[in-house]
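Undergrad: show me the folded form of this:
(one chain, ligands or ions: 1)
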Amino acid sequence: MRLEGVGLRYGWRGPWVVRDVDLELPTGRLIRVQGANGCGKSTLLRVVAGAARPDRGRVLGRPARTAYVPERFPPALPFGALEYLRLMGRVHGLSDVEAERRGARLLARFGAEEHTGRPLARLSKGTCQKVAVVQALLAEPELLVLDEAWTGLDADSRVALDEEVERRVAEGATVVYVDHDPARLAERTDLRWTVDGGTVAVTREVVGAPVRIDCTGLTGGVAELSALPGVRAVGVLADGGVRLETDEAHSDAVLRALLAEPGAHVRRVSGGQR
Ligand SMILES: Nc1ncnc2c1ncn2[C@@H]1O[C@H](COP(=O)(O)OP(=O)(O)OP(=O)(O)O)[C@@H](O)[C@H]1O
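TA: All right, here's what the predicted structure looks like:
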């Protein structure tokens, strides 16, 4: 996906909040958007997510499965949490049964399982934010746009969201996020977009692209695999296999450690270099 010459302003005489922006969004990358208050981060995220149309330029190749957590989630909707998730599931092409199943699992993941039937308008701010996060994770998006999605979440849920983001990036999703905590996912961030005066400067965080190792038959859990030196992320693939992401300097050692396990089978090694 990419943005070409994108410009946006509020009102036809307003100043350009974003102007002449050209950006690439590589797949399987975590992109942090940063800059001072009011510089246009949320505006840029809305364009990326498709929630705002640029006045100039174009957005090419936005994935069909794109999900977005806006900075302000409208809580005054006349639905219960699970009913709302069912409706959002329909938007993403999920059956009601599947949306409810995934929604209930994700609400539990964020410690909000007892609020499934409560109208959104009567939920606490933090619980409402959990519903906003869950609706975005529901459809396993290929592009996930998070505008301060961690704000208002309790400590366990912030960790859960970090993990959900890391897993999706390891599985090939692109995640674009704004967060006021500079430590948020700092180790995992691939690119930084710094917004200033309507333009965006791009910096690469990682010298080499991660090496991805897909394997089956491992007995170790995610925590154990994550502890291997150089491993940056561990994700469970749809077919039950495991994908590890490591930097290139450690990839041989990680492969050796995996192959030393009885029953382990390395199916595919990809990525590396940039
Ligand atoms: N709906 C709107 N109508 C008019 N102006 C707007 C609107 N939304 C944002 N702006 C203006 O556009 C500029 C960029 O706002 P934006 O919310 O994108 O910044 P931000 O970097 O996300 O800010 P913050 O860090 O405070 O969340 C600001 O000057 C803001 O006042």
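Undergrad: which helix or which strand is home to the residue nearest in space to the middle of the chain?
TA: Central residue of the chain (CA atoms, centre = their mean): residue 175, 3.6 Å from the mean position. Element membership for residue 175 (DSSP states H and E) is strand 174-178.
Undergrad: what is the subsequent helix or strand relative to that strand?
TA: Following strand 174-178 in sequence, per DSSP H and E, is strand 191-196.
Undergrad: just how off-centre is stretch 13-23 within its chain?
TA: Distance, stretch centre to chain centre, for stretch 13-23: 25 Å (CA atoms, centre = their mean, to the nearest Å).
Undergrad: to clarify, my last question referred to stretch 245-257.
TA: With CA atoms, centre = their mean, you get 24 Å for stretch 245-257.
Undergrad: what's the angle between the strand holding residue 175 and strand 191-196?
TA: Computed with axes from the mean of the first three to the mean of the last three CA atoms, to 10 degrees, the direction of strand 174-178 lies at 40 degrees from that of strand 191-196.
Undergrad: show me what strand 174-178 packs onto, helices and strands only.
TA: strand 30-34, helix 41-49, strand 143-147, helix 155-170 (3 or more CB pairs under 8 Å, 6 or more residues apart in numbering; DSSP states H and E). C-beta: built from backbone N, CA, C; applies to glycine.
Undergrad: show residues contacting that strand.
TA: 1, 25-34, 41-42, 45, 48, 63, 71, 142-149, 165, 168-169, 184-185 (CB atoms under 8 Å, 6 or more residues apart in numbering).
Undergrad: of these, list those near the ligand.
TA: 41, 42 (CB under 6 Å from any ligand atom).
Undergrad: just the buried members of the contacts of strand 174-178?
TA: 1, 25, 28-34, 41-42, 45, 48, 142-149, 165, 168-169, 184-185 (16 or more other CB atoms under 10 Å).
Undergrad: helix/strand/coil for residue 258?
TA: Recorded secondary structure, residue 258: helix (DSSP: H, G, I helix; E, B strand; the rest coil).
Undergrad: no further queries at this time; thank you.
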